[in-house]
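*Asks:* Dropping a prediction and its sequence here:
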Amino acid sequence: MTASRQGYVQIYTGDGKGKTTAALGLIVRALGQGLRPTVLQFMKSDPSWGEIVTLTKLGVPVQQCGLDHWVFKGEASEEDLAAAAAGLAKARALVDGGDYDLVVLDELMTAVFFELVPVDDVLAMMAAKPPAVELVMTGRRAPEELVAAADLVTEMRPLKHYYDAGVEARAGIEF
């Protein structure tokens, strides 16, 4: 990485497929250019998913801070809140630590929506981001405050999806 490289804040949000996939594509591109990427996944806890297996093989550090159950908005347990708080502390350390050029915080927008992570804490992390770090956050329902503070926001919008015809998530394609 060169000292003059400017990092930005990107958000991939929306109800369409492709948010995590877009962030993973950036990781591949970053690796090809000699950058140092890392991933922290909120609300995910299965290390056998295809992207985790592949990133590990590529030497990309991946951490998960989700628990093994679904969280409903307004019904987060103390355990859910503690896991999210620990995840946010890890996220800050990854962004601020100087070891990574690209930090992907997968499903952070979803964790904010489900009231596991306070929006003000994410805004503070964004504001304190070192200039050379590229910060990418994914997840549905990105709050307007985060959209306004980001440098690039892409909304994935479904036009047609085979889920609507009853197709289940498929190994190697959706996970």
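*Replies:* Received, thanks.
*Asks:* show me where the protein has helices.
*Replies:* 19-32, 50-57, 78-96, 108-113, 119-128, 144-149 (DSSP state H).
*Asks:* Including mean neighbour count, mean pLDDT and distance to residue 156, could these go into a markdown table?
*Replies:* The C-beta positions use only the backbone N, C-alpha and C, and glycine is treated the same way. Conversion of the helices of the chain to a markdown table gives the following (neighbours: other CB atoms under 10 Å; pLDDT from 0 to 100; distance: least, CB to CB, whole Å):
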| stretch | mean neighbour count | mean pLDDT | distance to residue 156 |
| --- | --- | --- | --- |
| helix 19-32 | 17 | 97 | 6 |
| helix 50-57 | 15 | 95 | 16 |
| helix 78-96 | 17 | 97 | 22 |
| helix 108-113 | 25 | 97 | 12 |
| helix 119-128 | 15 | 98 | 19 |
| helix 144-149 | 13 | 98 | 14 |
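*Asks:* correct me, but residue 116 touches residue 80?
*Replies:* Yes - in terms of CB atoms under 8 Å, residue 116 counts as a neighbour of residue 80; the distance is 6.1 Å.
*Asks:* what sits in contact with each of those two?
*Replies:* Here residue 116 and residue 80 have residue 71 as joint contacts, going by CB atoms under 8 Å, 6 or more residues apart in numbering.
*Asks:* just to revisit the earlier point, between the helices of the chain, which one is closest to residue 157.
*Replies:* Among the helices of the chain, the nearest to residue 157 by CB to CB is helix 19-32 (11.2 Å).
*Asks:* just checking, what packs against the closest one?
*Replies:* Packing contacts for helix 19-32, counted by 3 or more CB pairs under 8 Å, 6 or more residues apart in numbering; DSSP states H and E, involve strand 9-13, strand 37-41, helix 50-57, strand 102-106, strand 134-138.
*Asks:* Check what pLDDT residue 3 gets.
*Replies:* Listed pLDDT for residue 3 reads 50.
*Asks:* Return the residues in contact with the residue nearest to residue 141 when sequence neighbours are not counted.
*Replies:* Nearest non-adjacent residue to residue 141, counting by CB to CB, 6 or more residues apart in numbering: residue 113, 4.1 Å away. Neighbouring residues of residue 113 by CB under 8 Å, 6+ apart: 73, 139-141, 143.
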